[in-house]
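1. I need the structure of the sequence given here:
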Amino acid sequence: MSSSNPVQNGQPSENVWSYYAPYLAPPAAASAAIVPVYYGFIAKSAQQMGEPIPRMSPLEAIKRGCQATPKIGATIGVQMLTQDAVEKVLNQYAGNREKPSFFTMLASAAVVGAASAPFLAVFNGDTTGQSVRESLRSFRANPKQGGAIISREISFLFALRISGPVGEVMKQRYGDNQAVQYSSIFMSGAIGSLIGHPADTALTLWQNGRKIENIRHLMRGGPMKAVAVGGFAVGYNMLSGVIDFKTPDKNKE
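-> Coordinates of the predicted model:
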């Protein structure tokens, strides 16, 4: 029987990469996927505040995206790993050990959204040019930001998690090909973004000391953010597929 220990007799075993890949892949994939779509988040924040969308050259936009990778890569990477772990625990209590239920996916998204709220406040503040200190100071001063982040993240994380089941349904109906797969991922991410967008707008306004004008105001920047989130979801899925997420089978002969 093979051991799960990646180092044997002082030498790396053959499955060393597959042993660590499930833990390294999510933050790596999230870090890379955010770069080409980060400008979309900057643009949506400007629209939410009623300001002109900043003009940037493609190189400048990529540079801003690269600067955001340490924050968003680590945050979303840890989110996905934590959500998976929470889902497994909740699934065991629910008596279904094979596949996560609607309830466990939703509950795990809520738990992870609450735990990562401060980090996500920093990320959202970055899209409006706020420093880490400014974002955290505003977050502590206004507890409502935490509620807005949790609401937003429930829809975002849940959308990412259901993209798989939605894809299976679409494959059965429209055929098993990559176009159908990535379309379902993009749609899940975009729809989840739109559902949580009012909370995202409230967060952006509160962070910058502004007030909500009316109900329609809450959807400003919604289409822009939906495209950015959908693109991120597709990029994350594609990049995740490059690395084998499967952990070594401890019982494999």
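
2. count of residues packed around residue 187?
-> By other CB atoms under 10 Å, the residues close to residue 187 number 18. For the C-beta atoms, the positions are set from N, CA and C on the backbone; glycine is no exception.

3. Kindly report the same for residue 35.
-> 21.

4. buried residues in the longest helix along the chain?
-> Counting residues, the longest helix found in the chain (DSSP state H) is helix 58-94. Neighbour counts over helix 58-94 (16 or more other CB atoms under 10 Å) mark 61, 64-65, 68-69, 71-73, 75-84, 86-87, 90-91 as buried.

5. Next up, the contacts around residue 196.
-> Residue 196 makes contact with 151, 152, 153, 154, 155, 156, according to CB atoms under 8 Å, 6 or more residues apart in numbering.

6. From residue 195, how far off is the first one?
-> In other words, residue 151. Separation of residue 151 from residue 195 (CB to CB, to the nearest Å): 9 Å.

7. Do I have it right that residue 54 meets residue 46?
-> Yes: using CB atoms under 8 Å as the test, residue 54 is close enough to residue 46 to be in contact (6.2 Å).

8. Which one's more surrounded, the two?
-> Between residue 54 and residue 46, counted using other CB under 10 Å, the more crowded position is residue 46 (19 against 14).

9. I figured that one was touching residue 40, is that so?
-> No: between residue 46 and residue 40 there is no contact under CB under 8 Å: 10.9 Å.

10. Am I right that residue 209 is in a helix?
-> No: counting by DSSP: H, G, I helix; E, B strand; the rest coil, residue 209 is not part of a helix but coil.

11. Can you say which helix or strand has the nearest residue to it once chain neighbours are set aside in it?
-> Leaving aside its sequence neighbours, residue 209 sits nearest to residue 138 (CB to CB, 6 or more residues apart in numbering; 8.0 Å). Element membership for residue 138, per DSSP states H and E: helix 132-141.

12. Could you report the neighbour count for residue 201?
-> 25.

13. Over to residue 103?
-> Counted with other CB under 10 Å, residue 103 comes out at 12.

14. and it, which of the three is it?
-> Under three-state DSSP, residue 103 comes out as helix.

15. State the distance from it to residue 82.
-> As judged by CB to CB, residue 103 and residue 82 stand 18 Å apart.

16. and what of residue 226?
-> For residue 226, the distance to residue 82 equals 25 Å [CB to CB].

17. go on, residue 171?
-> For residue 171, the distance to residue 82 - CB to CB - is 28 Å.
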